[in-house]
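**Student:** What follows is a predicted structure for the sequence shown.
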Amino acid sequence: MAELHNDLLLRALLRQPVPRTPVWIMRQAGRYLPEYREVRAQAGDFMSLCRNPDLACEVTMQPLRRYRLDAAILFSDILTVPDAMGLGLHFVAGEGPKFSNPVQTVDAIRGLRVPDVEKTLGYVFDAVRTIRRELDGKVPLIGFAGSPFTVGTYMVEGGSSREFPTIKGLAAEAPEALDALMDIVAETTIEYLNAQIEAGAQAVQIFDTWGAALAPDDFRRFSLASMQKIVDGLIREKDGRQIPVILFTKGAGPLLADLAETGCDALGVDWTTDLSTAREYVGDKVALQGNLDPATLRESPEVIKQGVADTLASYGSGPGHVFNLGHGITPDIDPERLGVLVDAVHVLSPQYHG
Ligand code: CP3
């Protein structure tokens with residue numbers, strides 16, 4: 001395998017010194033790019049794009065051709081895991097993801113099994129191998145999965161939800177059944193992420209978009225505990241290099257202190273917590289990734305540059321910062337504006353490194 005030419009991301013995630021702050025963007029491959037929309041149209045639909053390793057590789061590479069990014073992220077989705085468990089994922093235009101067979105009762109949860117990930121998700125590992133070959137050591141490749149609670153919300157509600165009535169009902173009335181659901185998704189996710197790592201993923205991120213919708217004690221019991229199991233089960237070193245693990249709980253706030261105790265390497269932070277405050281919560285235990293408000297990308301170049309400057313200043317000096325947005329880039333953003341952000345990180349960040 002080709003030697004890694006730019007390892008800034010891996011070093012920053014491990015809190016090692018770097019000459020500037022590395023940058024990548026959540027959802028960097030996506031609908032805001034016209035070249036993405038073209039390939040997606042060619043594929044027919046989103047899941048066909050995910051299942052085609054050559055096309056998944058192509059859209060993974062697209063943002064790297066436009067911007068001076070320090071990482072690629074596998075093009076796939078967090079909902080491939082419940083699809084592999086037999087729930088029947090499909091996307092309804094304008095409504096987002098849907099499951100034909102949601103898991104809404106205690107009996108349905110008891111009926112779930114850990115799938116054979118090579119058989120059901122082999123297309124993802126093929127995509128990882130294809131992307132690593134195409135990257136040729138240019139930048140590292142990030143693999144990912146959803147947290148069991150976040151994935152569980154879609155499995156139980158049958159699609160996107162605002163209030164999470166069914167899964168919160170389970171948490172209140174059948175907590176042992178929800179524990180069992182978290183366990184089986186965590187076990188599947190360990191096998192899924194380890195297979196991504198074996199195929200060539202050089203860091204992994206767990207997206208916990210909805211964990212902080214729970215009250216703190218329920219967050220700890222259902223979301224944090226299941227992410228802890230995953231962290232404990234992952235391959236952490238391969239070919240003489242550490243495989244950093246990033247946990248991103250959107251809206252975590254003070255719960256960042258709990259997340260930092262899991263043994264992960266880095267935490268994603270959304271824009272509702274200043275990085276300086278986040279640093280107080282976690283001390284020097286983990287690196288931090290984030291956290292510019294994605295809405296800033298709708299503003300003028302001057303406002304975007306100021307946003308980058310403020311984010312870098314909020315983290316302050318020293319290693320352990322990876323620049324990102326506080327959540328994914330949205331489809332309405334002008335691609336030129338993201339260029340302004342990435343260039344500003346290159347220009348403004350060296351002063352924070354010694
Ligand atoms: O970051 C990346 O570039 C990697 C690819 C990636 C996608 N989804 C591609 C995608 C990643 C990391 C995800 C994660 C994901 N998927 C999350 C967690 C992160 C987050 O943003 O909160 C969640 C909750 C999902 C579930 C999901 N997938 C939803 C709700 C939707 C519909 C969104 C919409 O606006 O229609 C998807 C589809 C999806 N996943 C798209 C992309 C590029 C859009 C598909 C398209 O229409 O082309």
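**Tutor:** Sure, I can see it.
**Student:** The longest helix seen in the chain: which residues count as buried?
**Tutor:** Counting residues, the longest helix found in the chain (DSSP state H) is helix 175-199. Buried residues in helix 175-199, defined by neighbour count with 16 or more other CB atoms under 10 Å: 177-179, 181-197, 199. C-beta: built from backbone N, CA, C; applies to glycine.
**Student:** ok, then the element right after that helix?
**Tutor:** Helices and strands here follow DSSP states H and E; after helix 175-199, the next one along the chain is strand 203-208.
**Student:** Dump that next one to PDB, keeping only the CA atoms.
**Tutor:** The C-alpha trace of strand 203-208 is given here as PDB (Å, rounded to 0.1, in the frame of the first residue of the first chain):
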ATOM      1  CA  ALA A 203      -9.500   6.500  11.100                       C
ATOM      2  CA  VAL A 204     -13.100   6.000  12.000                       C
ATOM      3  CA  GLN A 205     -15.900   8.300  13.100                       C
ATOM      4  CA  ILE A 206     -19.100   7.400  14.900                       C
ATOM      5  CA  PHE A 207     -22.000   9.800  14.100                       C
ATOM      6  CA  ASP A 208     -24.300  10.200  17.100                       C
END
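**Student:** Up against the ligand, what does this structure have?
**Tutor:** By CB under 6 Å from any ligand atom, the residues of the chain that approach the ligand are 26-31, 40, 46, 73, 75, 77-79, 96-97, 144, 146, 160, 207, 209, 328.
**Student:** Name every strand pairing with the lowest-mean-pLDDT helix or strand in the chain and say which way it goes.
**Tutor:** Confidence across the helices and strands of the chain bottoms out at strand 89-92, with a mean of 92, counting by mean pLDDT, DSSP states H and E. Looking at strand 89-92 with DSSP bridges, its partner strands are strand 96-99 (antiparallel).
**Student:** Summarise which helices and strands the helix or strand following the partner strand is packed against.
**Tutor:** Following strand 96-99 in sequence order, the next helix or strand is helix 106-110 (DSSP H and E). On a contact count with 3 or more CB pairs under 8 Å, 6 or more residues apart in numbering; DSSP states H and E, helix 106-110 meets helix 175-199.
**Student:** The spatially closest residue to residue 102 that is not a sequence neighbour: what's it in contact with?
**Tutor:** Of all residues not flanking residue 102 in the chain, residue 158 sits nearest, at 3.6 Å (CB to CB, 6 or more residues apart in numbering). Applying CB atoms under 8 Å, 6 or more residues apart in numbering, one finds that residue 158 lies in contact with 98-99, 102, 104.
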